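Chemist: pasting the sequence and the predicted coordinates here, then a few questions.
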Amino acid sequence: MKYYISVDGRAHEVEVVERLGELVVSLDGKLFDARYLEVDDLGQVVILHEGKSFGLSIEGDANQKFVTLAGHVRDVKIEDEREKAAHAAERAKNKGGGSVTAVMPGVVVEVLVQKGSVVEKGSPLLVLSAMKMQNEITSLVEGVVSDVHVTAGQAVAGGAKLVTIKVPEGS
């Protein structure tokens with residue numbers, strides 16, 4: 001099965017095939033020789049690759065994970081072939097607009113737009129505090145804010161809807 005994985009916004013293609021009772025993994029078209037060991041039921045795993053071991057802590061749901069490696073949290077999104085096609089159809093329907101979501105849990109510090117605000121690609125939408133850092137969340141498209149789902153001071157989970165942007169017809 002093919003999976004499309006985004007790690008901190010960088011896209012990768014992973015193919016997993018079972019051969020003779022073992023999983024064979026390709027990463028971006030190249031064989032990836034690694035062993036995966038679950039340490040516990042809480043998302044702690046070890047990956048053994050090229051003589052090195054990597055301890056990971058994995059949290060999240062089936063589509064989006066937050067993976068901690070050496071104290072650094074990585075935003076990981078996972079889609080299989082069916083989900084990728086469904087999401088592409090949804091994006092086409094919305095013409096690139098849609099919901100802006102939190103990439104990790106945090107607290108909304110400040111909301112910089114309101115319903116009806118016109119935004120450009122890269123326009124700041126809000127400030128989210130996560131892991132002791134303030135992150136400016138920006139628009140990925142040009143459009144109009146059709147809904148603001150959060151308020152300043154509100155705690156949000158990873159994947160929570162923050163703002164919905166509608167792209168004007170004909171854009």
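Modeler: Yep, it's here.
Chemist: now do the helices in this structure.
Modeler: Along the chain, counting by DSSP state H, helices occupy 81-94.
Chemist: tell me how it divides into domains.
Modeler: Following automatic domain parsing, one gets these domains for the chain: 2-81, 95-166.
Chemist: quick check, central residue of this structure?
Modeler: Closest residue to the average C-alpha location of the chain: Lys77 at 4.2 Å, with Cα atoms, centre = their mean.
Chemist: and the nearest residue to that one once chain neighbours are set aside, how many residues sit next to it?
Modeler: Distances taken as Cβ to Cβ, 6 or more residues apart in numbering put Ser6 closest to Lys77, at 4.4 Å, once the chain neighbours are dropped. The C-beta positions use only the backbone N, C-alpha and C, and glycine is treated the same way. The tally of other residues near Ser6 (other Cβ atoms under 10 Å) stands at 14.
Chemist: in stretch 42-59, what's buried?
Modeler: Buried residues in stretch 42-59, counting neighbours by 16 or more other Cβ atoms under 10 Å, are found at Gly43, Val45, Leu56, Ile58.
Chemist: so in this structure, where's the weakest helix or strand by average pLDDT?
Modeler: The helix or strand of the chain with the poorest confidence is helix 81-94; it has a mean of 66 (mean pLDDT, DSSP states H and E).
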